[in-house]
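Trainee: What follows is a predicted protein model with its sequence.
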Amino acid sequence: MKKAKQLMDSVYWVGARDINNRHFHGELYPIDEGCTYNAYLIVDDQVTLIDTVEEEFSQDCIERIQSVLGDRPVDNIIMQHAEPDHSGGLLEIKAIYPNAKIYASVGGVRNIKAQFPIDFEIQALKTKDTLNTGKYNFVFVEMQMIHWPDNMLTYCPELKTVFSNDAFGQHIVNYQLTDENLDKGFCLDQAKEYFANIVLPYTAQVKAKLNFIKSLNIEIETIMPAHGIIWKQYVPDILAAYEDYANLTPSNKVVIVYQTVWKHTQQMAEALAEGFGDAGMDVKIYPLSTTKSSIIFKEIVDAKLICVGSGTYNNDISYSVGAFLTHLRAAKLKGKKGLGFGAFGWFPKVPSQIDQALTDAGLENVHDAISHVFSPKATDLENYYNIAQEIAKEL
Ligand SMILES: Cc1cc2nc3c(=O)[nH]c(=O)nc-3n(C[C@H](O)[C@H](O)[C@H](O)COP(=O)(O)O)c2cc1C
């Protein structure tokens, strides 16, 4: 029997822990310790459920709700996001509470209906629409494209709480459910990884929404996201961190990623890394085939320069570098610089093709692509070290 966890006077966590999940949203986001699907129950004159869980965990959510309500019904279900990790439990929960009114954003109504066989009404909500449940009011803010067209968040002024859905989420599975006994750096690092892997292409929307939320002059004591821990003691920190992430504020950091067979491209990568490092830059260097993309993208958020290297195989870029470049293009980065490099045997154009892909991804090339025939010698490596030092000076 799964039980709810009380968070405040009338607020309960009724979500689910997916402890076996190692790939959040398919291949997109490898994770180490599973994740949570957070749903919140607010007991007032009317009972309101905010979000559901992934379909497989519907029964967990229902048991947790019933542990609070017994036979009392749920009156309102607010669907803040149509993606199945939040909406998958709707049909089963609605079957238990057939009189519950369902609410979603305009996009949410469309996207829920397009994914599930819905035979009931869903009421559409717009920004600043309000639902009163007795002593509590729920104010809605549309969050289009953070990260789907249907996202929204819900603010309760009486509880000084934002139910933020995907925004401010992270994949910390913690049985206390809040940030209260956790290290700030750890929490923010996990939130940054989530931002980098789910929200990164939508920095313009995040900036606009943060400004809009500021303009509302609301008091926020608690943020309850749909994944991971609830923000209580680090609320100002996570709000400030989101400003930094959304601005892609660069530190003096270079991220070098590469794929290699005979270690020729790796030797070039290491010579560049030493040049950047000796010039005072923070260097992150990753072999693509053995590094999780989720870690690399977290580091990219605040990098100044991204160097991408590939050996040449069948006159083309390696598979993992090609996939990385596709992922990078989708991230729609702004204000970052790029450099392509790599070794070849008889077809020298792959590094310049990488440079072109970096340009297509919105990065500014800092130097001509570096293309090396087979194995670099000590003098070649010295040359690449010096190129890195020159680039570092100009960044
Ligand atoms: C499976 C395979 C296919 C290759 N195909 C090409 C090719 O089509 N054109 C080319 O210029 N070099 C080709 N090469 C040679 C490599 O690009 C060259 O050995 C390079 O130095 C490898 O760099 P790396 O050690 O970083 O992988 C190939 C190498 C391998 C292992």
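Mentor: Noted; the coordinates are in hand.

Trainee: what are the ranges of the strands in the stretch 101-250 of the chain?
Mentor: With DSSP state E, counting those that start in this stretch as the criterion, the stretch 101-250 of the chain has strands at 101-105, 122-125, 130-132, 137-142, 152-156, 161-165, 222-225.

Trainee: Could you look over the ones you listed and pick the most buried one?
Mentor: Of all the strands of the stretch 101-250 of the chain, strand 161-165 carries the top mean neighbour count, a mean of 27, counting by mean count of other Cβ atoms under 10 Å. (C-beta placed from N, C-alpha, C; glycine too.)

Trainee: Does that strand pack against any helices or strands, and if so which?
Mentor: Packing partners of strand 161-165 (3 or more Cβ pairs under 8 Å, 6 or more residues apart in numbering; DSSP states H and E): strand 152-156, strand 222-225.

Trainee: now with 10 Å?
Mentor: strand 40-43, strand 47-50, strand 76-79, strand 137-142, strand 152-156, strand 222-225, helix 235-247 (3 or more Cβ pairs under 10 Å, 6 or more residues apart in numbering; DSSP states H and E).

Trainee: can I get these in TSV with mean pLDDT?
Mentor: Below are the helices and strands packed on strand 161-165 laid out as TSV (pLDDT from 0 to 100):
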stretch	mean pLDDT
strand 40-43	98
strand 47-50	98
strand 76-79	98
strand 137-142	97
strand 152-156	97
strand 222-225	98
helix 235-247	96
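
Trainee: Determine which of those approaches the ligand most closely.
Mentor: helix 235-247 (32.9 Å; Cβ to the nearest ligand atom).

Trainee: Neighbouring strands of the very next helix or strand once past the closest one in the sheet, and parallel or not?
Mentor: With elements assigned by DSSP states H and E, the helix or strand that comes after helix 235-247 is strand 253-259. Sheet pairing of strand 253-259 (DSSP bridges) gives strand 282-287 (parallel), strand 305-310 (parallel).

Trainee: next SSE after strand 253-259?
Mentor: Heading C-terminal from strand 253-259 (DSSP H and E), you reach helix 264-278.

Trainee: which strands and helices sit next to that following helix?
Mentor: Going by 3+ Cβ pairs under 10 Å, 6+ apart, helix 264-278 lies up against strand 253-259, strand 282-287, strand 305-310, strand 337-344, helix 350-360, strand 370-373, helix 378-394.

Trainee: helices or strands up against the fourth one?
Mentor: In terms of contacts (3+ Cβ pairs under 10 Å, 6+ apart), strand 337-344 is packed against strand 253-259, helix 264-278, strand 305-310, helix 319-330, helix 350-360, strand 364-365, strand 370-373, helix 378-394.

Trainee: just the strands paired with strand 253-259: most buried one?
Mentor: strand 305-310 (a mean of 28).

Trainee: So is it next to the ligand?
Mentor: No. Applying Cβ under 6 Å from any ligand atom, one finds strand 305-310 separated from the ligand by no less than 7.5 Å.

Trainee: show me what contacts the residue of the stretch 101-250 of the chain found nearest the ligand?
Mentor: Evaluated by Cβ to the nearest ligand atom, the stretch 101-250 of the chain has A196 as its residue closest to the ligand, separated by 26.7 Å. The contact partners of A196, taken as Cβ atoms under 10 Å, 6 or more residues apart in numbering, are 29, 245, 293-302, 331.

Trainee: try 7 Å
Mentor: 297-298, 300-301 (Cβ atoms under 7 Å, 6 or more residues apart in numbering).

Trainee: Give me the contacts around stretch 138-149.
Mentor: 48, 78, 81-83, 105, 107, 111, 125-131, 151-157, 166-167, 198-199, 202, 205-206, 209.

Trainee: how about a cut-off of 6 Å?
Mentor: 105, 107, 125, 127, 129-131, 151-156, 167, 198-199, 202, 205-206, 209 (Cβ atoms under 6 Å, 6 or more residues apart in numbering).

Trainee: Endpoints of that stretch, how far apart?
Mentor: 21 Å (Cα to Cα, to the nearest Å).

Trainee: Which residues of this structure lie near the ligand?
Mentor: 260-265, 311-315, 343-347, 374.

Trainee: quick one on the thing from earlier: could the helices and strands packed on helix 264-278 go into JSON lines alongside distance to A4 and mean pLDDT?
Mentor: As requested, the helices and strands packed on helix 264-278 are exported to JSON lines (distance: least, Cβ to Cβ, whole Å; pLDDT from 0 to 100):
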{"stretch": "strand 253-259", "distance to A4": "42", "mean pLDDT": "98"}
{"stretch": "strand 282-287", "distance to A4": "41", "mean pLDDT": "98"}
{"stretch": "strand 305-310", "distance to A4": "45", "mean pLDDT": "98"}
{"stretch": "strand 337-344", "distance to A4": "49", "mean pLDDT": "98"}
{"stretch": "helix 350-360", "distance to A4": "49", "mean pLDDT": "98"}
{"stretch": "strand 370-373", "distance to A4": "58", "mean pLDDT": "98"}
{"stretch": "helix 378-394", "distance to A4": "54", "mean pLDDT": "98"}
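
Trainee: hmm, back to that, just the buried members of the residues of the chain next to the ligand?
Mentor: Buried by 16 or more other Cβ atoms under 10 Å: 260, 264-265, 311-313, 343-344, out of these.
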